[in-house]
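Enquirer: sequence and predicted structure below; questions after.
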Amino acid sequence: MLDIKLLRENPELVKENIKKKYQDEKLPLVDEVIELDKLNRAAISEASDLRAQRNTLSKANGPLFGRLKKAAEEEKAAIQAEIDANTAKVKENDARLGELEKLEEEYAARIRAIMMVIPNIIDDSVPLGPDDSYNVEVQRFGEAVTPDFDVPYHTEIMERFDGVDMDAAGRVSGNGFYYLMGDIARLHSAVLAYARDFMIDQGFTYCIPPFMIHGNVVEGVMSQTDMDAMMYKIEGEDLYLIGTSEHSMIGKFIDQILPEDSLPQTLTSYSPCFRKEKGAHGIEERGVYRIHQFEKQEMIVVCKPEESMDWYEKMWRMSVELFRSMEIPVRQLECCSGDLADLKVKSCDIEAWSPRQQKYFEVCSCSNLGDAQARRLKIRVKGADGKTYLPHTLNNTVAAPPRMLIAFLENHLRADGSVSIPAVLQPYMGGKTELIPKK
């Protein structure tokens, strides 16, 4: 959410940013919110004047009552008339104040509703384009190897180890769920444990957050469009299942004033994640690629504004280092303007190589949200000069194993059907150096 001052002082900048995001239908909202802001400020000013006038009239009546008691009979009528006139004016002001206060509430609610959908100002370095087909590959890490044997679909690989049961999950929960079994389930947990320790070694504090959050936190961390498409609501309660632990981790700081010397806050969190995943998806998104429930290790940073781009660079590079340590080739893909969620200033995906598909697919997403979440959630920092300011927030996937398992199994599959275990994961797999298929 933008600062209302920016719209007052530089509406053309905001409009140009909307155009860069290919959301021209939102352009009229800028003029609408500016007009509403003028009306709101006029109402606030008038109300302030009326309150001052009311106080003056009320104070004036005090001495008049004193004079009335002591006045001669022929003076009392004039004094009483003055008191009555002041009292009538106070009542008139009160009635108008009631109208103005109602207007202020209406204006403020409408202004907030509009400001919640006007996109954040994107960084100048973001490539322009209407959709993800305009995302730009920046760099590759590791050699994308194509084996000289056919790589089966990931669920077929898992089934050779008796490692997945989609049919049973369908009977129990429906489409978009899974049972992981045996060595595949253990591999899933090993990746999460290794990712946790990897981030702790980077100096991040490990955290297990709440898995349900209030509606005002949801509204603070994401756009309404994303909320409707992703979040499951608990019936009859003001609680939502988190779609990622970023939601509750950033929410941890709601309505807080942080001392400047506590920054940066660097946290890595484990959680299950729950997503509606609305819409139809292609054949490559069967199996455990796009699902309603999964587990994830996340990283979030709350920092000074001038440090956020440095942290953005550090965070996506941590993802690259993690994947390369597991011998998985990856690339960095810069997200274009039209592919950025409204709160994001800048974002990139880390994509893993799929030997079966002969292409890369997303496994991590790193985002700098500027001060948008801090403004929505009223997170402030108290500087050395005693003044408060809004921090910047960032988030990045460390590892989301169901999708990461696809990349892992495809890149470590051997011709005989076995799967090699890289050295960094072997301690988490009981010392195993490979997985041997049962079928």
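Expert: Nice, I can see it.
Enquirer: for the protein, give me the ranges with low pLDDT.
Expert: Residue ranges of the chain with pLDDT under 70: 57-74, 76-79, 82-84, 86, 278-286.
Enquirer: for residue 8, see how far away the residue nearest the centre of it is.
Expert: Nearest to the mean C-alpha position of the chain, by C-alpha atoms, centre = their mean, lies residue 221 at 3.9 Å. Separation of residue 221 from residue 8 (C-beta to C-beta, to the nearest Å) stands at 26 Å. Glycine gets a C-beta too; all of them are placed from N, C-alpha and C.
Enquirer: re earlier: do you know how far the residue nearest to the centre of the chain is from residue 253?
Expert: When residue 221 is compared with residue 253 (using C-beta to C-beta), they lie 11 Å apart.
Enquirer: what's the answer for residue 273, then?
Expert: The gap separating residue 273 from residue 253 is 20 Å, by C-beta to C-beta.
Enquirer: for residue 386, give me phi and psi.
Expert: The phi and psi values for residue 386, taken as degrees, to the nearest 10, are phi 90, psi -10.
Enquirer: hmm, who's touching stretch 90-103?
Expert: If you take C-beta atoms under 8 Å, 6 or more residues apart in numbering as the criterion, stretch 90-103 is touched by 39, 40, 43, 44, 46, 47, 50, 51, 53, 54, 57, 58.
Enquirer: identify the farthest-apart pair in the residues you listed.
Expert: The span of those, defined through C-beta to C-beta, is set by 39 and 58 at 28.3 Å.
Enquirer: quick one: contacts for residue 136?
Expert: By C-beta under 8 Å, 6+ apart, the contact list for residue 136 reads 127, 333, 334, 336.
Enquirer: okay if I get those residues as CSV plus distance to residue 81?
Expert: Formatted as CSV, the contacts of residue 136 follow (distance: C-beta to C-beta, whole Å):
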residue, distance to residue 81
127, 75
333, 80
334, 76
336, 73
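Enquirer: nearest to residue 183, of these?
Expert: residue 333 (31.4 Å).
Enquirer: list the beta-bridge partners for the closest one.
Expert: With DSSP bridges as the criterion, residue 333 is bridged to residue 137, residue 349.
Enquirer: isn't it right up against residue 139?
Expert: No - Residue 333 is beyond contact range of residue 139, at 9.5 Å (criterion: C-beta atoms under 8 Å).
Enquirer: compare the two (neighbour count), which wins?
Expert: Taking neighbours as other C-beta atoms under 10 Å, residue 333 and residue 139 compare with residue 333 leading, 21 against 10.
Enquirer: and that one, how far is that from residue 236?
Expert: Using C-beta to C-beta, residue 333 is found at 41 Å from residue 236.
Enquirer: follow-up on the earlier one: more neighbours: residue 39 and residue 58, which one.
Expert: For residue 39 versus residue 58, the count of surrounding residues by other C-beta under 10 Å is larger for residue 39: 16 against 12.
Enquirer: what's the closest non-adjacent residue to the more buried one?
Expert: Take residue 39 and drop its neighbours on the chain: the residue closest to it by C-beta to C-beta, 6 or more residues apart in numbering is residue 107, 5.8 Å away.
Enquirer: CA-only coordinates of the helix or strand harbouring residue 19 in CSV, if you can.
Expert: Assessed by DSSP states H and E, residue 19 sits inside helix 11-20. Provided in CSV are the C-alpha atoms of helix 11-20 (Å, rounded to 0.1, in the frame of the first residue of the first chain):
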residue,chain,number,x,y,z
PRO,A,11,-0.1,11.3,-9.1
GLU,A,12,1.5,10.9,-12.5
LEU,A,13,4.2,8.7,-11.1
VAL,A,14,1.6,6.4,-9.6
LYS,A,15,-0.3,6.3,-12.9
GLU,A,16,2.8,5.6,-14.9
ASN,A,17,3.5,2.7,-12.5
ILE,A,18,0.0,1.3,-13.0
LYS,A,19,0.6,1.4,-16.8
LYS,A,20,3.9,-0.4,-16.3
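Enquirer: pull the distance from that helix to the chain's centre.
Expert: 22 Å (C-alpha atoms, centre = their mean, to the nearest Å).
Enquirer: now do stretch 19-37
Expert: Distance, stretch centre to chain centre, for stretch 19-37: 22 Å (C-alpha atoms, centre = their mean).
Enquirer: can you check the distance spanned by that stretch, start to finish?
Expert: Stretch 19-37 stretches 22 Å from its first residue to its last (C-alpha to C-alpha, to the nearest Å).
Enquirer: buried stuff in that stretch?
Expert: By neighbour count on 16 or more other C-beta atoms under 10 Å, the buried set for stretch 19-37 is 20, 21, 22, 23, 26, 29, 30, 33, 34, 36, 37.
Enquirer: using just helix, strand and coil, how would you label residue 310?
Expert: helix (DSSP: H, G, I helix; E, B strand; the rest coil).
Enquirer: so how far is residue 332 from it?
Expert: Going from residue 310 to residue 332 by C-beta to C-beta gives 16 Å.
Enquirer: so for those two, which sits in the more crowded spot?
Expert: residue 332 (20 against 12).
Enquirer: is it true that the more buried one touches residue 313?
Expert: No - judged on C-beta under 8 Å, residue 332 makes no contact with residue 313 at a distance of 10.5 Å.
Enquirer: picking that back up, now for residue 221 and residue 253: what residues contact both?
Expert: Common neighbours of residue 221 and residue 253, using C-beta under 8 Å, 6+ apart, are residue 377.
Enquirer: just say helix, strand or coil for the residue nearest to residue 367 when sequence neighbours are not counted.
Expert: Once flanking residues are discounted, residue 367 sits nearest to residue 347: 4.3 Å by C-beta to C-beta, 6+ apart. Look at residue 347: counting by three-state DSSP, its state is strand.
Enquirer: residue contacts, residue 347?
Expert: Residue 347 neighbours (C-beta under 8 Å, 6+ apart): 335, 339, 340, 341, 365, 366, 367, 368.
Enquirer: which pair of the residues you listed spans the longest distance?
Expert: Farthest pair in these (C-beta to C-beta) is 339 and 368. Separation: 14.5 Å.
Enquirer: which one's more surrounded, the two?
Expert: residue 368 (25 against 22).
Enquirer: that one and residue 120, how far apart?
Expert: For residue 368, the distance to residue 120 (C-beta to C-beta) stands at 10 Å.
Enquirer: same check on residue 254?
Expert: Applying C-beta to C-beta, the value for residue 254 to residue 120 is 19 Å.
Enquirer: looking at those two, which is more packed in?
Expert: More neighbours surround residue 120 than the other of residue 254 and residue 120, with 24 against 18 (other C-beta under 10 Å).
Enquirer: host element of that one?
Expert: Under the criterion DSSP H and E, no helix or strand holds residue 120.
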